[in-house]
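> Provide a 3D model corresponding to the input given below.
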Amino acid sequence: MKTINSLSGGKSSSYIALNYPADYNIFSLVRTNDKLCKYPDAKVRQIVSDLIGCEFVGTTEQDNIIEIMLNLSEQVDIKWITGKPFEDIINGDWNKGKNGSHYLPNMMVRYCTTELKMKPIFKWWQDNINDVCDMRIGFRKGEEKRQVRMLDKLNANGNEEIKIVVDSSGKRNKWGLVEWRKPSFPLIDNGITAKDVHDYWKENKTVNFKKGYYNNCVGCFHRNPMFLNKMAQEHPNKMEWFSKMEKMNKPNTFIKDLSYEKIINFKPQIEMDFEDFGDCDSGFCGL
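Okay, the predicted model is just below:
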């Protein structure tokens, strides 16, 4: 069985990449063609474009994720893959409501993870492996509840299935389930905690995780509004992208009854630092 390290750009999955060798290390890049999020360095944009096989304009994640993954790529071989730009996913015909606006991903329908992470990885798997693989997931000791939620979705063989079109006839698609990965959790199995991971990166400066760096999209709706307001102060252009998507698709919002425009303009009573937030504020984009 082939082994795959699923990389998110975060500290935990990067720890796995350097400490648990696999047949493949896979990183799915969330990208956008909107110049609001344009990556500032043209040379790096070209490097990333060559790695993913299409034009890279920018990402809705922090720009530092590109530096992190390029630094990590100097130590282990990483396959960079990507899906459609985020705004193309949101504004697709499949996602249009009765009033002509498009549904935004949210707590109840988290299709962004499926479309931007899962499907690109699955497509790469189909083209290169096409057999059940052992995929390492970066859940740490103390995150067993996340592990259980993932394990509860497995079939009787202990494998995860994904629903895909197996045949098309005219306008009708025939859907079927394909077994494709068996999740494993090396950090939980070996008792590696968040402190262990943080201490490791304090000593290992080669990847250069900077203060205030979080993987996942800057405007991830899993983050609390105070955290998002802080992200708006640090990354105003990227948060403006999320607000722009809402304005284009009124009355839909990423967070129920709360627009990103309000979050951006919110004036906190006290100044907060990223150290005031915990890992639970960083959003979840587990693969």
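
> biggest helix in this structure by residues?
helix 236-248 (DSSP state H).

> in that helix, what's buried?
Buried residues in helix 236-248, counted by 16 or more other Cβ atoms under 10 Å: Lys238, Met239, Glu240, Trp241, Phe242, Ser243, Met245, Glu246. Quick note: C-beta positions are derived from backbone N, CA and C, even for glycine.

> what do you get for stretch 168-185?
Under 16+ other Cβ under 10 Å, the buried positions of stretch 168-185 are Val178, Trp180, Arg181, Pro183, Phe185.

> what of stretch 46-56?
Val48, Leu51, Ile52, Phe56.

> and that stretch, how far from the chain's centre?
18 Å (Cα atoms, centre = their mean, to the nearest Å).

> can you list contacts of it?
Applying Cβ atoms under 8 Å, 6 or more residues apart in numbering, the contact partners of stretch 46-56 are Leu29, Arg31, Asn33, Tyr39, Arg45, Ile66, Leu70, Trp80, Ile81, Thr82.

> so what pLDDT did Val109 get?
According to the prediction, Val109 has pLDDT 89.

> what pairs with Trp80 across the strands?
With DSSP bridges as the criterion, Trp80 is bridged to Phe27.

> which two from the buried residues of stretch 46-56 end up farthest apart in space?
Leu51 and Phe56 (8.2 Å; Cβ to Cβ).

> pLDDT weak spots in the chain?
166, 170, 269-287 (pLDDT under 70).

> on that earlier part again, tell me what the next helix or strand after the longest helix of the chain is packed against?
The helix or strand immediately downstream of helix 236-248 is helix 260-265, counting by DSSP states H and E. Packing partners of helix 260-265 (3 or more Cβ pairs under 8 Å, 6 or more residues apart in numbering; DSSP states H and E): helix 225-234, helix 236-248.

> name the residues that touch the last one?
Looking back up the chat, that one is helix 236-248. 32, 34, 36-37, 60, 62, 87, 90-91, 101-102, 104, 218-219, 228, 231-232, 252-254, 259-261, 263-264.

> which pair in the buried residues of helix 236-248 spans the largest distance?
So, the buried residues of helix 236-248 by Cβ to Cβ: farthest apart are Lys238 and Glu246, at 13.8 Å.

> returning to that earlier point: can you add secondary structure and give the buried residues of stretch 168-185 back as CSV?
Output for these, formatted as CSV (DSSP: H, G, I helix; E, B strand; the rest coil):
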residue, secondary structure
Val178, strand
Trp180, strand
Arg181, strand
Pro183, strand
Phe185, coil
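
> which of those residues lies closest to Tyr15?
Phe185 (12.7 Å).

> and the closest one, what is it in contact with?
Here Phe185 is in contact with Arg136, Ile137, Phe139, Gln147 (criterion: Cβ under 8 Å, 6+ apart).

> do Asn252 as well
So Asn252 contacts Gly97, Ser101, His102, Tyr103, Leu104, Glu246 (Cβ under 8 Å, 6+ apart).

> got the contact list for stretch 94-107?
89-92, 109, 111-113, 221-222, 245-246, 248-256.

> pull out the buried residues from that stretch.
Asn95, Ser101, His102, Leu104, Pro105, Asn106.

> save these as a markdown table, and put in distance to Asn155 and secondary structure too.
A markdown table is the format used below for the buried residues of stretch 94-107 (distance: Cβ to Cβ, whole Å; DSSP: H, G, I helix; E, B strand; the rest coil):
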| residue | distance to Asn155 | secondary structure |
| --- | --- | --- |
| Asn95 | 28 | helix |
| Ser101 | 36 | coil |
| His102 | 32 | strand |
| Leu104 | 31 | coil |
| Pro105 | 26 | coil |
| Asn106 | 28 | coil |
